[in-house]
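[1] Have a look at this fold, sequence not included:
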């Protein structure tokens, strides 16, 4: 059997740090597809991801972990679930400095409903130091509204340790979910 | 030999939502300081009903209590307003009055151990675990008023209304240990003098302080009303982005947000010592994250994974952790 491939998805609003997060853990320089941002009304960022960002990590035995960053704009939401198919999990990143970041999360929880329900999602809220509001409670309320319990962490994805923390939490959820399945518990 | 606390319930009658919410919060904050374990209940058949003195519903409740023998009705009224005969609680409510009143009711209900005797016996309780200091801070924060605390050379200013805590020292596990040192008594001043907050150099978040106090309190016992035999859940994930988590805390959380576990079960499934599990639960309890009822279930995916007979992801995740240098298991 040849080397196997696994994928992780980084999704979230424009400017939330998907490209940065991938760059923090990828062993190759991320393949970026940033272009000039023509959607300045939504976010002041000069460039944005128009297709996909890509990074990778070689695993023991030659297997590959492929890291994909989705385009942030809502008009590309049709791509998100396609990308999530077969993924190990999804890291949802939210920029707390956006006009309505809580609603951003609502959109992403809906778009990735199945993945989140399968305990294969983790949420990172960025820029909480400079923009402490909304507080994390507001995001937990949205998760409750969507009927899911999902880890929501304040992070700065420029720090590799924070990106690793998100992945560790994601993996521990997957393990707990799987352990319940193995034990025959439908929590 | 100390008794296990009885579980008692409190409801409210005719109170505005804001006051009811305050009572709910205060019950969470004072429950480990009362003889019995008190919790809020929506049921009129609760052990105690705190009744708004002006509410017509209150007289109906009192009449019902005469026939049914419960609830014990307590009138809530400002000090200058007369209330019908019986127990009363002054509005605004302060936690020590609430504790005293609940202990009086416990004495009536339980009979054999008067609250005063429990207070006198307090030194025999394992207070040296440090948890009571954490509970006191949680209580002060829940009350919403400011406070200045000095203990063991550390000064702490609480301003929950402003969402701020300031300290004379940078918050750390070592500082939390010093705050819990039973050899030194805390001096508490209320309210906080205006402008005092800016004097201390180090800021911290409420949950960071409570989390560290819970962990530093040790794991000899759980905060009341939790017991080793009580299956508990976590209502939500703590913000591990702010808490310098250790892997076992994340593993415990991943289990506890899914379904209830007892201390023994948790210790077995994550291979952690009982004191470590208890310390984690105390930290989570101080932060208000622990519940005793199951969380709403995770909705099943539309196409759930086929029933597994062996872990599918264990090897893959170990491999990824190894490649990324992640400590997990």
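    Okay, I see it. Since the model is a prediction, treat every value here as computed from it, not as a measurement.

[2] Show me where the chain has its strands.
    All of this is about chain A. For chain A, applying DSSP state E gives strands covering A:5-12, A:34-36, A:47-49, A:53-58, A:64-69, A:89-95, A:121-126, A:152-154.

[3] Not quite, go with chain B.
    Under DSSP E, chain B gives strands at B:7-13, B:37-40, B:48-52, B:72-77, B:87-90, B:147-151, B:154-159, B:164-167, B:187-189, B:202-204, B:233-234, B:290-291.

[4] Minimum distance to chain A: which of those strands has it?
    Among these, the nearest to chain A by CB to the nearest CB is strand B:233-234 (8.6 Å). Where C-beta positions appear, they are placed from N, C-alpha and C, glycine not excepted.

[5] circling back: for the strands of chain B, which one ends up most surrounded?
    strand B:48-52 (a mean of 26; mean count of other CB atoms under 10 Å in any protein chain shown).

[6] Quick check: the nearest residue in space to residue B:210 that is not next to it in sequence vs residue B:176, distance?
    Distance criterion CB to CB, 6 or more residues apart in numbering or on different chains; nearest residue to residue B:210, sequence neighbours excluded, is residue B:286 at 4.1 Å. From residue B:286 across to residue B:176, the span is 11 Å (CB to CB, to the nearest Å).

[7] So for the two, which residue has more residues nearby?
    Taking other CB atoms under 10 Å in any protein chain shown, residue B:286 and residue B:176 do not tie; residue B:286 has more neighbours (28 against 23).

[8] does that one really touch residue B:212, like I thought?
    No - the pair residue B:286 and residue B:212 fails to qualify as a contact (CB atoms under 8 Å) at a distance of 9.4 Å.

[9] residue boundaries of the helices in chain A?
    Here chain A has its helices, by DSSP state H, at A:18-25, A:77-84, A:101-111, A:113-117, A:136-145, A:160-182.

[10] related to what we said a few turns ago, can I get the strands of chain A in a markdown table with mean neighbour count and distance to residue B:40?
    As requested, the strands of chain A are exported to a markdown table (neighbours: other CB atoms under 10 Å in any protein chain shown; distance: least, CB to CB, whole Å):
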| stretch | mean neighbour count | distance to residue B:40 |
| --- | --- | --- |
| strand A:5-12 | 23 | 37 |
| strand A:34-36 | 12 | 52 |
| strand A:47-49 | 18 | 48 |
| strand A:53-58 | 19 | 48 |
| strand A:64-69 | 22 | 45 |
| strand A:89-95 | 26 | 33 |
| strand A:121-126 | 27 | 30 |
| strand A:152-154 | 23 | 26 |
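
[11] Of these, which is nearest chain B?
    It is, among these and with distance given as CB to the nearest CB, strand A:152-154, at 3.7 Å.

[12] ok, and does that closest one reach over to chain B?
    Yes - Strand A:152-154 reaches chain B (CB under 8 Å from any CB of the partner chain) through A:152, A:153, A:154.

[13] residues in contact with that strand?
    Outside strand A:152-154, the residues that touch it by CB atoms under 8 Å, 6 or more residues apart in numbering or on different chains are A:122-126, A:128, A:136, A:139-140, A:143, A:165-166, A:169, B:236-237, B:239-242.

[14] cutoff 6 Å now
    Strand A:152-154 is contacted from outside by A:123, A:124, A:125, A:128, A:136, A:139, B:239, B:240, B:241, B:242, using CB atoms under 6 Å, 6 or more residues apart in numbering or on different chains.

[15] What of stretch B:316-329?
    By CB under 6 Å, 6+ apart, stretch B:316-329 touches A:57, A:59, A:60, A:65, A:164, A:168, A:171, B:247.

[16] ditto for stretch B:261-272
    With CB under 6 Å, 6+ apart as the criterion, stretch B:261-272 contacts B:228, B:229, B:231, B:248, B:251, B:252, B:255, B:274, B:277.

[17] Distance-wise, check the spatially closest residue to the second one that is not a sequence neighbour relative to chain A.
    Same thing as residue B:229. Distances taken as CB to CB, 6+ apart place residue B:262 nearest to residue B:229, at 5.9 Å, with adjacent residues excluded. Here the distance between residue B:262 and chain A works out to 15 Å (CB to the nearest CB, to the nearest Å).
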